[in-house]
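*Asks:* predicted model, plus sequence, below.
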Amino acid sequence: MFKHVVLFSTLLILIAAVGCQGSEGIIQASIDNEFSLAVGQIAELKSEGITLQFEGIQEDSRCPKGATCFWQGRVRSILNISDNGISSQIVLTDQGLSDQNGKNTYKQYEFTSHVQPYPELGKKISKEDYRLYLTVKKIPAGTN
């Protein structure tokens with residue numbers, strides 16, 4: 001009997017944990033409005049029929065705050081795009097030591113991005129701390 005209670009309690013805890021995992025869920029995003037994604041998180045642009053997933057950081061060589069660097073560095077984020085059932089992957093690149101956001105295009109969309117947090121001298125950024133901030137704009141037909 002005690003084994004059944006322990007088993008049942010464990011099962012309830014696992015169900016609750018899985019439910020909490022999805023608490024961030026799929027973000028409902030819209031064209032021209034900035035949104036942010038944690039690593040692994042998905043945003044859906046329903047009006048466009050696309051979903052975006054922040055896969056992770058491919059490279060973060062940005063010159064840390066408090067350091068003197070010869071190169072400004074860059075951060076490269078991997079973004080998975082599902083467009084009407086077809087999956088693609090693009091790499092978004094943002095320059096370090098700059099207030100300008102990165103700009104990349106995919107089909108008729110322009111992605112403006114920046115990644116937080118910015119590196120600081122002597123501090124390591126964990127995968128879970130990265131956030132990708134995105135604004136998606138639709139490029140008018142005939143201008144690309």
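*Replies:* It's in. Computed from a prediction, not measured in an experiment: that's the story for all the values here.
*Asks:* beta partners of Ile86?
*Replies:* When assigned by DSSP bridges, Ile86 has beta-bridge partners Asp83.
*Asks:* tally up the residues packed near it, please.
*Replies:* Close neighbours of Ile86, defined as other C-beta atoms under 10 Å, add up to 8. (C-beta placed from N, C-alpha, C; glycine too.)
*Asks:* so which bits of stretch 121-128 are buried?
*Replies:* Neighbour-count burial for stretch 121-128, with 16 or more other C-beta atoms under 10 Å as criterion, is recorded at Ile125.
*Asks:* show me what contacts the residue nearest the centre of the chain?
*Replies:* Within the chain, one residue has its C-alpha closest to the average C-alpha position: by C-alpha atoms, centre = their mean, that is Phe54, at 3.2 Å. Going by C-beta atoms under 8 Å, 6 or more residues apart in numbering, Phe54 touches 37-41, 77-79, 132.
*Asks:* how about residues contacting the one helix or strand Ile90 maps to?
*Replies:* Ile90 is part of strand 86-95, with elements assigned from DSSP states H and E. Counting contacts by C-beta under 8 Å, 6+ apart, the residues outside strand 86-95 that touch it are 55, 58, 62, 72-81, 101-102, 104, 106, 111, 113-115, 132.
*Asks:* buried subset of these, written for PyMOL?
*Replies:* Selecting just the buried residues from the contacts of strand 86-95 in PyMOL takes one command, with 16+ other C-beta under 10 Å as the test:
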select buried, resi 55+62+73+74+75+77+78+79+81+101+102+104+106+111+113+114+115+132
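*Asks:* in strands, which of the contacts of strand 86-95 fall?
*Replies:* Taking DSSP state E, the ones among these that sit in strands are 55, 58, 74-81, 102, 104, 106, 111, 113-115, 132.
*Asks:* which residues of the protein score low on pLDDT?
*Replies:* Filtered on pLDDT under 70, the chain yields the residue ranges 1-24, 143-144.
*Asks:* make it 50
*Replies:* Under the criterion of pLDDT under 50, the regions of the chain flagged as low confidence span 2-23.
*Asks:* I figured Asn34 hits Val136, correct?
*Replies:* Quick fix: residue 34 is Glu, not Asn. No. Between Glu34 and Val136 no contact is recorded; they are 9.2 Å apart, counting by C-beta atoms under 8 Å.
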